[in-house]
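Q: quick one, structure for this:
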Amino acid sequence: MQFGIGFDIHPLVKGRKLVLGGVEIPFDRGLDGWSDADVLTHSIMDALLGATAMGDIGIHFPPGKPEYHNVSSLKLLAEVKNKLAASGWKINNIDATVIAEKPRLRDYIDPMREHLQQSMDIPITQVSVKASTANQVGALGNEEAIAALAIASVEKA
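A: The predicted structure follows:
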């Protein structure tokens, strides 16, 4: 069994949809980025790639490439799962935390878990998503950005 850690942060901007774990969340701002800027899904992809020593999402899905512009990060997560499987790896579980002062995310956690488990093709009982705030400290606490942390465990299939 091997483990990997993922982290991502994106600034909040006007004129973008807020997407976390593949769920569009009503909010007055969204995350800025080349894809849909889904920090939760990005942190999970990096955790999986790190657990298997396969690099990071920037290597596999470079920003600036037209095919990744505004793409759903869930689609990229499914590609990561397929890359792992092709290399003989099986995903055991994911544990992730989204850090956002606002919006409150409790009502969206279960749909996020469902979207993520579908993209990874693992049981929902193996996908944990939590939400936290930054207690009004720093860029996260001042509602300038949203971040996510994830840990993944994988094993040889």
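Q: in stretch 117-134, what's buried?
A: Under the neighbour-count criterion of 16 or more other C-beta atoms under 10 Å, stretch 117-134 has 117, 119-120, 122, 126-129, 131, 133-134 buried. Glycine gets a C-beta too; all of them are placed from N, C-alpha and C.
Q: distance between the ends of that stretch?
A: End-to-end distance for stretch 117-134, by C-alpha to C-alpha, to the nearest Å: 27 Å.
Q: helix, strand, or coil at the closest residue in space to residue 71 that isn't next to it in sequence?
A: Nearest non-adjacent residue to residue 71, counting by C-beta to C-beta, 6 or more residues apart in numbering: residue 35, 4.9 Å away. Three-state assignment for residue 35 (DSSP: H, G, I helix; E, B strand; the rest coil): coil.
Q: for the host helix or strand of residue 152, packing partners?
A: Using DSSP states H and E, residue 152 maps to strand 145-156. If you count contacts as 3 or more C-beta pairs under 8 Å, 6 or more residues apart in numbering; DSSP states H and E, strand 145-156 packs onto strand 2-13, strand 18-20, helix 39-51, strand 89-99, helix 138-141.
Q: so what touches the helix or strand following the fourth one?
A: Secondary structure here is assigned by DSSP H and E; on that basis, the next helix or strand after strand 89-99 toward the C-terminus is helix 109-120. The set of residues external to helix 109-120 that reach it, using C-beta atoms under 8 Å, 6 or more residues apart in numbering, is 20-23, 40-41, 44, 74-75, 77-78, 81, 91, 94, 123-124, 126-131.
Q: may I have the strands that pair with the next helix or strand after helix 109-120, each with its orientation?
A: Downstream of helix 109-120, the first helix or strand assigned by DSSP H and E is strand 127-132. Within its sheet, and counting by DSSP bridges, strand 127-132 is paired with strand 89-99 (parallel).
Q: and the angle from the partner strand to helix 39-51?
A: Interaxial angle, strand 89-99 versus helix 39-51 (axes from the mean of the first three to the mean of the last three C-alpha atoms, to 10 degrees): 140 degrees.
Q: and strand 89-99, what's buried?
A: Buried residues in strand 89-99, counted by 16+ other C-beta under 10 Å: 89, 91, 94-99.
Q: need these in TSV (columns: pLDDT).
A: Below are those laid out as TSV (pLDDT from 0 to 100):
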residue	pLDDT
89	98
91	98
94	98
95	98
96	98
97	98
98	98
99	98
